[in-house]
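Novice: coords please:
(chains A, B and C)
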Amino acid sequence: MTNGWVDMKNTDMMLIMGGNPAENHPCGFKWPVEAKRTRNAKMIVVDPRFTRTAAVADMFCQIRAGTDIAFLGGLIHYAIENNRIAKDYLVNYTNAGFIVEKDFKLPDVDGLFSGFDDQKQTYNRASWNYQGSGGKSPAPPAPKPGQPPALPALPGTVDFDPTLENPNCVFQLLKKHYSRYTPEMVERITGIPKEQFLKAADLYTSVRKDGDMKKVSTIIYAVGWTHHSFGTQIIRTAAILQLVMGNVGRAGGGVNALRGHSNIQGATDMAGLFDSLPGYLKTPTPADASFDDWMKRVTPTSSKPAAWDSFNYYSNTPKFTVSFLKALYGDAATKQNGWAFDYLPKVDRNYSWVQMWDDMYNGTLKGMLAFGMNGVAIGPNSKKNIDALKKADFLVVGEIYPNETSDFWRAPGISTDEMKQIQTTVYNLPCAGFAEKDGSMTNSARWVLWKNTAVPTPGDARLDHAILAQIFLKVRELYKKEGGKFPDPILNLTWNYSFPSSPPLAEVLKEINGKALADLEDPATKQQIKAGQQLPGFAWLKDDGTTSCGNWIYSGAFTEAGNQSARRDPSDPSGMGVHPAWGWSWPANRRVLYNRASCDVEGKPWDPSRKQVWWSEATQKWVGNDVPDFKADSKPKDHMGPFIMTAEGVGRIFGPLAAFADGPFPEFYEPIESPIDNPLHPQQTHNPVVKRFKTPDDKYGTPKDGYTIVCTTYRMTEHYHYWTKNNPMNVQLVPEPFIEIPAELANDIGVHGGEKIKVSSIRGEYIAKAMVTKRIKPMIIDGKKVYQIGFQIHQGYRGIEEDEGKNARTLANLLTPTVYDPNSYTPEFKGFLVKVERA
Amino acid sequence: MSQATLRIQKISGHAGTVPGEDTQREFTVCKLVDTTTCIGCKACEVACVEWNDMPFSQTTFDNTYQTMPDTRWNYWNLILFNEHEREDGTLQWLMRKHQCMHCAEPGCLEACPADGAIVQYTNGVVDFQQDHCIGCGYCVTGCPFNIPKFNSVTKRMYKCSLCTDRVSQGLEPACIKSCPTGCLHFGSKDDMKFLAEKRAKQLREHFGYENAGVYDPPGVGGTGVIYVLHDATKPELYGGLPSNPTIPLAVKFWKHPLKWLGNIALVGGLIGLFAHYLRFGPKAHDEPDVASKEGD
Amino acid sequence: MSHQEQLLPHDRVLRYEFNERMNHWVAAGSFIYLMLTGLAFWSPWLFWIASALGGAELSRMLHPWIGLVFFVAVCYMFALWSRQMNFDSVDAQWWKSLHYYIQNQDDKMPPAGRYNAGQKLLFWSFFGGAILLLASGVVLWFTESLPWSLRWMRYISVVVHAGTALLLIGNFMIHIYMGVFAERGAFGSVIRGDVSLAFAKRYHPGWYKEIVANSNRPK
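Specialist: Next up, the predicted model:
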C-alpha cells in the first residue's frame, strides 16, 4: 500500500475493485467503515459479484471479470473530459508534461505499442522513452545470446511542456490513448450499463470537482486485480487515475493493495520473486560480468526537466547492495572480490511459480521443498501440478496438516495401480503454525509487527526455519567434508546465531536491520556509531564495506534502542492514524509514502485539516506528523520531485523503457479465455506478450468449444486458504464448497439452490452445490448475453469433511489456466471460461 | 448462565418478592447492532461459541452464506443473510446479527413456570438458569423472537446470556469484543440509543436512506439489543424481524385473565361445594348405612 | 343373550365390573397426578406441589407420559360407557329439574337411567377434554420442534390446555364431591363395584327397572 489501513479513515471516497475487503480483510475493513461513519465518505464497489463489501457500499457495479482496465480507463477519460483533474499536481508531480520520443506509437490502431517483435512476442522498448539529452553515458555491455537487447538510457534532461499542450507530451498521449474508452465502449466491454458507469464516474471524480484539491479519494484492491494476464497494468491504470486526480501521497488517498495473507508483504520484501533480492534490489544476470557492471545496469541516474531537481534515491543502490552482501558473506565479501559478486546466482531466465511447475512437468526440476504453501491446490491448473509432482524425484512438505500437495499421489482420479507407478519420495515434516513461533509479520500497510510465541509446537513438530537451518548446516558439513564444484558461497555464508540449528528470529531481524562494521560518523550531525552497533536506518548504509544490512528497507526495525517492530504504543498525537510508536513501518517508519505530494509546490498542505508533512520556514526543514518522504532540507523552490524513488522524481503516468513488459500505458486486453474478441481491436484480443504453455496439460478454451460462461474464483471470510478445512469451527461456518450462479442460469439448466452442479473448463471439472443468487446478474457484453459465475477455493481432498467423504473433493484450480502476467508472473486465476451443467 | 455478582429484579415462576428489585442504581445495558455496517463476517458467531465453550454441530450448505437456518441451543448468535431487491432494481444484501433481544418485558420470563429458571438482572439482562430450568419450553411460546432453544440431552433451554460472566466483571460481551468493523457497540441503553439515533440521522441525511431508523420495539418494553436499520419501516426484510413484537396475546391471556378467572373459579367452586354440603348435606336415600347393613 | 347377573345377594346391585373399576382408578390416579403437576406449573403459588412430588423437572418429564395413560383410560371409558351416555328425553327433563337435584329433592327428579344427565355431561366433558388436552399437550410436549411458522399452534395450545384443564378440574371437584360426600354409597360402587337397591332405586330408577327386568333371579 502507498498508505495504510488506519489511514483509510481519512478518505472521502473509496473505489474498491479487484478486492473484497469486507470478506477477506474484515479487520482492516474497520477503517473504510470508519471513514463512512466519521467523514460521510462514499464507497463504490466494482466486482463480478455483489459481495459482502458491496453490501455496505453506496454504489455497486457488476463488472465482467478481467475488464478492469476498461473501467478504469473510462474513469481516466471521464476525469479528463470533465476537468476533474489536479492540474498543478499533474504538471509538477507527474511526468504529464514530459515529451515522449517521436517514434513512440499508441496501440489505438492495431492494439500494439511501437516496437513489437512478432517472432519473439516481446517489445523492443527503445521508443518508449522521453525526448531529451544526456543520460547514462557508458553504453551497457553487449547482450549475450538469448538475452534481450540492451535498452538506451533515460535522457538526463527531459524536454518538458508545463502547459501540457504539446501533442507528444505524456498528458496529451494519455488523453488520446483513453479517448477510446468512452462510456459506450466501457459498457460493451465491462457489461456495466452506460448510465450506471456515468453515475459511478461522476461520484468517484466528484472529489476533484472544478479541480478543488481539498478532498481525497482512495483506490483499494487485492488479488482480484493481480490474478490476470495483465494484472500489473490494471494497477498501473489505477495509479494513473490517482496521479491524474492528485490523490497519491495524501492521507486518505493512494493506491492500496490489500495483501492476501498476514505476511505476504513481508515475503515480497524479502525477495519473494526470483528476479529480486531483499529490498527489491534487482538480481544479477549472466550479462553482468562484474559487480560494477551489475551496479551500472541497475543504478538509475536522474532524468528530469532542466529546472527541476530529482533525489533519485535508487542512486544509493550500491550502498544497499554492498551492505546486503556484507550481511550475507561477512569478511568473505571484500572490495577486491566485488563484494563476493561471484557467489550470487545469476538469473538467466524465468524461474517464476508457473514456470517452476512447467519445469518439473518437463523433467528439468527434480525436487521441491514445499513449506507453508499447498502448491497443488493453489494452482493454477492443479492437474498439471499433480502430474508434475508424479515426475519429481522427491518432495519435502513442511506443514501443520496433511494437504493436497503432500497427498498429491492420491488425488481423486488416481487409481491404486497408478499410485504404484508414482516413484516420487514424499517427506512429510510436521512444522509450526503461526502461533507456535515468534518473529515479525509485515502487514499490507508495510507495518512490521513483532509477535510472540503463544503455544509450543505439538508432538514432534518443529519450527520451519529450524528445519531449514538444519538442512543448511548438514549441506555445509557435506561441502566441508567432500568439497564440491563451488563450495565458497555455502562455506562463507555468515551464520552467527546463538543457536545455529534454530536461529532465534530476533537475531535474524537484527541481522536484517544491519550494523556498523567500523566506527561511523555522520559528517553533518557528527553523530557517531561504534563498530558492532545496530544501525538506526538505511541512511547510514555505505558502499565501502563498513556496514552490513540484510534488507535496506528494513533498516531501522531493530536498532540500538531495541526491537522497533515490538513497540505497542497506541498513541496517535495527530489523530491522523499515524501511530508512530506502534510497531515499525518501512521505510524509515513512514506511514504514507510520497507524502511530500500532500503539499502544494510551496510546501503547504493541500488540505490544512489533514496535515501530514509541510515545509517549515522556521527550521528550513520538512517536518510533520508523519516522517517526511523527502530530502529533509530540500527547499520548495528547488523543485525536487516528491516521488524520490523514480529517476524522474515524479509519478510515472508514462512508464518508460523497461518499466513494463507490455506497454508504457495500460491497454485493455481480454483475459486469455474470453467470451468475445477485444472490442477495441479484435485483431489483437489478448495481451501480446503473454506466453501460452505447450504441454498436453495446457489447454485454453474458447466459446467455440462450448465454454461461454465467465468464471472467477475467490476466498471467504470463514476460511483461510486450504488450511481451515481442518478446523471444526471453520467447517461449521462453511462446511462444503458451493458455486454461485445467477438465478437466470439456474433456471436455464433447471437447478435449484443446494443441488449439485458441475463446472468444467477445458482443463478440468469442479463439482459442488449450487448457490442460486440474485447477487450475480446476467450481463450484456458487446451485445451478447453472458453469464458470470464464481466459486470459493477453500476445499480440496484433505480436511474434515473431505476425509469423511462429504464433498466432491474437487479442487478449484483444476479449472484455471496456466498463464501469467508478464511483469509480476502472477497466474490468471480469474476470468476464465467454463460451462455449467447438472451433476 | 451465571448469576455472578448481578442482582435480580425479575424471577420467573416465583411466588413472593424479588430480592434485587429496585436495590441498585445500576443502568440498563444494551447492545447496538448497526446493520448498515455489518459485513457478515461471523466473528461474533465464533466469539460466542468460543467464549461460551459450546460444542460444534453439523451444518450443511443451504443456498445461503448463513451458517445455519436458525440459532441452536449451542449456537446463540447467528448472522442472518437476506437478499433483497429494491424497487429500483438495485440489490441489498441485508445482514443482521440475530440473538436474544433481552426485552425489558421478557415474554420468556412471563411464560416460564419454573421458579428462578429465568431471571432479569437489574442491568436488564435476561438470563436462563439451567439449574432451575425444567425444560417445559413455555419460554419458546412466550418469546416473540424465536430465541430459546432446547437441548434434548440435558432437557433444558439455552440462549444468549449476554455474557453475564463478562458483563458482571465490567467487560463487554464476547460478540462485541470480536466485531472488526465497529458495527457492534455496548454500553448503557441511553448511550446506545443516542448513538443509534445519531447514526440513523447520518444515514438519512448523507447516505440517502430516507427511512433509516432505530429498532427498539416498545411492544416488549424496549430491548437490550437495538438495531440501526436502513429501512426501519420494514424490519421483516432482515430475516423476519417482527415489526411490532409483543408477548403473544395467548400468553398474556393465559397468564393474566385466564389465570385469575381460573383461580377464582376453582377457589369459588371449592367454597361453593363446601357451602352446599353445609346447607344441604349429603343426599339421603331411604336406606341404612351400607356398612351397618353389612355389619348385620 | 347372556350377561352377568347384576342383582346380588343382600339387596346389592352390581354397578361396576372389575375392569370398569380398575380403569376408573387408573384414570382417576393419572388425572390427580396431572392436576397436581399441572397446577404446579399453573401458578407460582402452587409450584411447591411439584417439589413435593419429586421436583418440577420430574413433573415436567412425567406429566406428558401420565397424560397418555389418562388419555388411554378415557378412551377405554369411551369404549365401555359411551353407548350408555347418549342423551335422551329424560335428560332434558333432568336438566329442567336440576334445582331439585341440588336441593337434594331427588324424589322430584325425572327417572334417570344408569347415568343421569349430569353424569353424562361429566363423561363427555372428560372425553372431549382429554382429546383437547392430548392435542394441545403434544404441541407443548414437543414445543421446541415446532417450526416458527406454526407458532400459532403453540399459542392456541397454551390457552386450550390451561382452559380445558380448568374446566376438567372444576368438573372433577364436583365429581369428587358427589361421589364421596353427597351421594352416600357412590364411592363404594367404584371400590367394590356394588350399590344398594335403595341407591339404585332412588338415583337411577330407570336403570333399576332395567336390572330387575333382565334379572334371572327370582324376585
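Novice: Looks to me like residue A:597 is in a helix.
Specialist: Yes - judged by DSSP: H, G, I helix; E, B strand; the rest coil, residue A:597 forms part of a helix.
Novice: Chain neighbours aside, what residue packs nearest to it?
Specialist: Distances taken as Cβ to Cβ, 6 or more residues apart in numbering or on different chains put residue A:249 closest to residue A:597, at 2.9 Å, once the chain neighbours are dropped. To be clear about C-beta, it is placed using only N, CA and C from the backbone, and glycine gets the same treatment.
Novice: That neighbour and residue A:642 touch, don't they?
Specialist: Yes - using Cβ atoms under 8 Å, residue A:249 is in contact with residue A:642, at 6.1 Å.
Novice: higher neighbour count, these two?
Specialist: More crowded of residue A:249 and residue A:642, by other Cβ atoms under 10 Å in any protein chain shown: residue A:249, with 29 against 25.
Novice: Okay, that one and chain B: tell me how far apart.
Specialist: Plainly put, residue A:249 is 27 Å away from chain B if you go by Cβ to the nearest Cβ, to the nearest Å.
Novice: which residues touch that residue?
Specialist: A:2, A:93, A:592-598, A:629, A:642 (Cβ atoms under 8 Å, 6 or more residues apart in numbering or on different chains).
Novice: if you set the cut-off to 10 Å instead, what comes out?
Specialist: A:2-3, A:89, A:93, A:242-243, A:592-599, A:606, A:612-613, A:629-630, A:642-643, A:651 (Cβ atoms under 10 Å, 6 or more residues apart in numbering or on different chains).
Novice: And the strands in chain C, which stretches?
Specialist: In chain C, the strands defined using DSSP state E lie at C:7-8, C:12-14, C:194-196.
Novice: and chain A, which of the ones you listed is closest to it?
Specialist: Distance to chain A, taken as Cβ to the nearest Cβ, is lowest for strand C:12-14 among the strands of chain C, at 67.1 Å.
Novice: Give the rounded mean pLDDT of the closest one.
Specialist: Average pLDDT, strand C:12-14: 87.
Novice: That strand: which residues count as buried?
Specialist: Within strand C:12-14, the residues that count as buried by 16 or more other Cβ atoms under 10 Å in any protein chain shown are C:12-14.
Novice: What's the end-to-end length of stretch C:132-149?
Specialist: Using Cα to Cα, to the nearest Å, the end-to-end distance of stretch C:132-149 comes out at 22 Å.
Novice: Please apply the same query to stretch A:602-616.
Specialist: The first residue of stretch A:602-616 is 11 Å away from its last residue (Cα to Cα).
Novice: Residue B:23 in helix, strand or coil?
Specialist: Going by three-state DSSP: residue B:23 is coil.
Novice: for the stretch 51-200 of chain B, what spans make up the helices?
Specialist: Using DSSP state H, counting those that start in this stretch, the helices found in the stretch 51-200 of chain B span residues B:107-111, B:138-142, B:164-167, B:174-178, B:189-206.
Novice: Of those, which is nearest chain A?
Specialist: Nearest of the helices of the stretch 51-200 of chain B to chain A, taken as Cβ to the nearest Cβ: helix B:189-206 at 4.3 Å.
Novice: strands paired with the helix or strand just after that closest one, and their directions?
Specialist: For helix B:189-206, the following helix or strand on the C-terminal side (DSSP states H and E) is strand B:213-215. As defined by DSSP bridges, the strand partners of strand B:213-215 come to strand B:225-229 (antiparallel).
Novice: centre of the chain versus the strand it pairs with, how much separation?
Specialist: Relative to its chain's centre, strand B:225-229 lies at 16 Å (Cα atoms, centre = their mean, to the nearest Å).
Novice: And for residue 68, nearest residue in space, chain neighbours not counted?
Specialist: In the absence of a named chain, this looks at chain A. The shortest distance from residue A:68 to any non-neighbouring residue, by Cβ to Cβ, 6+ apart, is to residue A:234 (4.6 Å).
Novice: right idea, wrong chain: chain C
Specialist: Ranked by Cβ to Cβ, 6+ apart and with sequence neighbours excluded, the top spatial neighbour of residue C:68 is residue C:134, at 7.7 Å.
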